[in-house]
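*Asks:* Turn this into a structure:
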Amino acid sequence: MPDDSQTKSIRVHILGREYALRVQEDDEAFTREMASFVNARMEQFRDAHPEQAELTTAVITALALAEELQTAKESQADGTDALNEELDRLAKQLGRAVNDE
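*Replies:* You can find the predicted model right below:
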């Protein structure tokens, strides 16, 4: 559990509302950056769909961000798998070259 002496209260704004958050002091800048990012994405959706309720804006934005995160994770995993396969192939090739000498 974090030590309260290392946390601080900050306020961030998302869609015109203020939210009080308690964060680790070292995480303040990152939390503010993430809040700004989420706010921008929600404003982008709201501007494109002004007829939608704020809750709908939040849910659709959260789903879009979750989809992007999942796609990035899958892409990273695919890249890691490909890298591991290439390393295995090179190790086998190196092993054959050493045995042939």
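
*Asks:* Can you give the distance of stretch 21-39 from its chain's centre?
*Replies:* Centroid separation for stretch 21-39 versus its chain: 13 Å, with CA atoms, centre = their mean, to the nearest Å.

*Asks:* Report the rounded mean pLDDT for it.
*Replies:* Averaging pLDDT along stretch 21-39 gives 97.

*Asks:* swap in stretch 50-69?
*Replies:* Rounded mean pLDDT across stretch 50-69 is 97.

*Asks:* C-alpha coordinates for it, CSV please?
*Replies:* The C-alpha trace of stretch 50-69 is given here as CSV (Å, rounded to 0.1, in the frame of the first residue of the first chain):
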residue,chain,number,x,y,z
PRO,A,50,-22.9,16.1,-30.2
GLU,A,51,-26.2,14.4,-29.8
GLN,A,52,-24.7,11.7,-27.6
ALA,A,53,-25.0,11.8,-23.8
GLU,A,54,-21.8,12.3,-21.8
LEU,A,55,-22.0,8.8,-20.5
THR,A,56,-22.2,7.4,-24.0
THR,A,57,-19.3,9.5,-25.0
ALA,A,58,-17.2,8.2,-22.1
VAL,A,59,-18.2,4.5,-22.8
ILE,A,60,-17.5,4.7,-26.5
THR,A,61,-14.2,6.4,-25.9
ALA,A,62,-13.2,3.8,-23.3
LEU,A,63,-14.1,1.0,-25.8
ALA,A,64,-12.1,2.6,-28.5
LEU,A,65,-9.1,3.1,-26.3
ALA,A,66,-9.4,-0.5,-25.0
GLU,A,67,-9.5,-1.8,-28.6
GLU,A,68,-6.4,0.2,-29.5
LEU,A,69,-4.6,-1.1,-26.4
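
*Asks:* L21 versus the residue nearest the centre of the chain, what's the distance?
*Replies:* By CA atoms, centre = their mean, the chain has its centre lying nearest to L69, at 5.7 Å. Separation of L69 from L21 (CB to CB, to the nearest Å): 20 Å. For glycine as for every other residue, the C-beta is placed from the backbone atoms N, C-alpha and C.
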